[in-house]
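>>> Task: produce atomic coordinates for the following.
(one chain, ligands or ions: 1)
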Amino acid sequence: MSILLTGGAGFIGSHTAVEMINAGYDVIIADDLSNSSEKVIDRIEIITGVKPKFYKVDVSVKEDVRRIFEENNIEGVIHFAGYKCVPESTKVPLKYYRNNIDTTLTVLEVMEENDCNAFVFSSSATVYGDKNQVPFREDMPTGGTTNAYGSTKLMIENILKDVAAANSKFSAVLLRYFNPIGAHPSGLIGEAPDGIPNNLMPYITQTAIGIRECLNVFGTDYNTPDGTGVRDFIHVVDLAKGHVAAIKYATEHTGAEAINLGTGNGSSVLEVVHAFEKASGVKIPVVFKDRRPGDVEYSYACVDKAERLLNWKAQYDLNDMCRDSWNWQEKNPKGYE
Ligand code: UFG
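Down below sits the predicted model:
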């Protein structure tokens, strides 16, 4: 069965490509390489022994997406393509709305033309906003997003629910990611942020390798055990396996389902720093700063629905995540450069 991965050369897309190939799927990657490297395609081949078919295209261009569907028998789409930098999205919101919504609409329109009805979407825990109590459950109200990036995720979830309501053959799984970190244990693929990382783990690994001087810890006065923010960190390989289960579910069911992909456990920023130091043997200098605007105190998932519907559960722990993040950083100090 051929599955199209838009944005399949990115951090989560590339790990999903590996797990999809391992599960026996034919993987087709469409990526404009705006925030990824073509080297990823070769690395996927080294890991799996299979080179995925690759199209360097912007999936908001309908003719290019049509060509992919004409040349392949695509039975489902996992849609990763999209801009994801939260602070940038607050500065140039139109860029985020235009790209993230356009790519989704174009892919959905071409799927409709081709009677392709299984769709998996990269949503985010950010859709829970700041009013809900942890653990976040899929039946809680969504909304209250604090940046354009998060708002595009929420808008696309709503678009997919409308499409599923109108087309009885259509199936959408809205995967609400918590905080993906780690890397493939081979150290061949991993997270390669462009410029200064916004997210915690790449900032930690870049500090450990000497690219950054010290880690800024944003907020020490949260109402959490050590005062720092708490997140549900999940190994990207576990997350990738969740997509394999989700596309299978989407091809066998109809309707729209939101499903959390997390571990169900919260770890504080300082707990992550200490776990990383233990796994790597490298001391991370930290500087305590004020809270970062838009951050919530606690975010972690209720994972019952993923277990029930997808028969999926995260396997890796925080120590595994830190070890694999560090292995990737050490083997690729400059990412894919
Ligand atoms: N943090 C630091 N220092 C840093 C970076 C982060 O202390 O240099 C802290 C943050 O303040 C927060 C925690 O580490 O408390 C996690 O921050 P990340 O930026 O790694 O992750 P977020 O939880 O802010 O964001 C993630 C995804 C978003 C998604 C969001 C919603 O990156 O895409 O979860 O849950 F929208």
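
>>> Burial check on the residue in the chain that the ligand sits nearest to, number of neighbours?
In the chain, the residue found nearest to the ligand is G229; the distance is 2.7 Å by CB to the nearest ligand atom. To be clear about C-beta, it is placed using only N, CA and C from the backbone, and glycine gets the same treatment. Neighbour count for G229, taken as other CB atoms under 10 Å: 24.

>>> For Q133, see how far away it is.
16 Å (CB to CB, to the nearest Å).

>>> Then M201?
26 Å.

>>> So between those two, which is more surrounded?
M201 (24 against 9).

>>> and the closest residue to the more buried one other than its chain neighbours, bridged to which residues?
Leaving out its chain neighbours, the residue that sits closest to M201 by CB to CB, 6 or more residues apart in numbering is I181, at 4.0 Å. Beta-bridge pairing of I181 under DSSP bridges involves H235.

>>> Tell me which residues touch I181, please.
Counting by CB atoms under 8 Å, 6 or more residues apart in numbering, I181 touches 191, 199-201, 233-236, 321, 325.

>>> Select from those residues every entry located in strands.
233-235 (DSSP state E).

>>> Which among these count as buried?
By neighbour count, with 16 or more other CB atoms under 10 Å, these hold 233-235 as buried.

>>> Make TSV from these and add distance to A250 and pLDDT to it.
Converted to TSV, these look like this (distance: CB to CB, whole Å; pLDDT from 0 to 100):
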residue	distance to A250	pLDDT
F233	26	99
I234	20	99
H235	23	99
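
>>> Please list the residues of the stretch 51-200 of the chain that sit near the ligand.
Within reach of the ligand by CB under 6 Å from any ligand atom, the stretch 51-200 of the chain has these residues: 84, 86, 124-126, 150, 179, 198-200.

>>> and those as CSV, adding neighbour count?
Shown next, in CSV, are these (neighbours: other CB atoms under 10 Å):
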residue, neighbour count
K84, 21
V86, 20
S124, 21
A125, 22
T126, 25
G150, 23
N179, 22
N198, 14
N199, 17
L200, 20
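
>>> Show me which pair in those is furthest apart.
Greatest spatial distance in these: G150 and L200, 17.3 Å, computed using CB to CB.

>>> Do I have it right that A246 meets N260?
No. Contact criterion CB atoms under 8 Å: A246 and N260 do not qualify, at 11.5 Å.

>>> Do a quick rundown of the helices in the protein.
All helices of the chain, identified by DSSP state H, fall at 11-22, 39-48, 62-71, 86-91, 93-113, 148-166, 200-209, 236-252, 269-280, 304-305, 318-331.

>>> Tell me which other helices or strands the longest one touches.
Taking 3 or more CB pairs under 8 Å, 6 or more residues apart in numbering; DSSP states H and E as contact, the helices and strands that helix 93-113 lies on are helix 62-71, strand 74-79, helix 86-91, strand 118-124, helix 148-166.

>>> Of the ones you listed, give the one that comes closest to I44.
I44 lies closest to strand 74-79 among the helices and strands packed on helix 93-113, at 14.5 Å (CB to CB).
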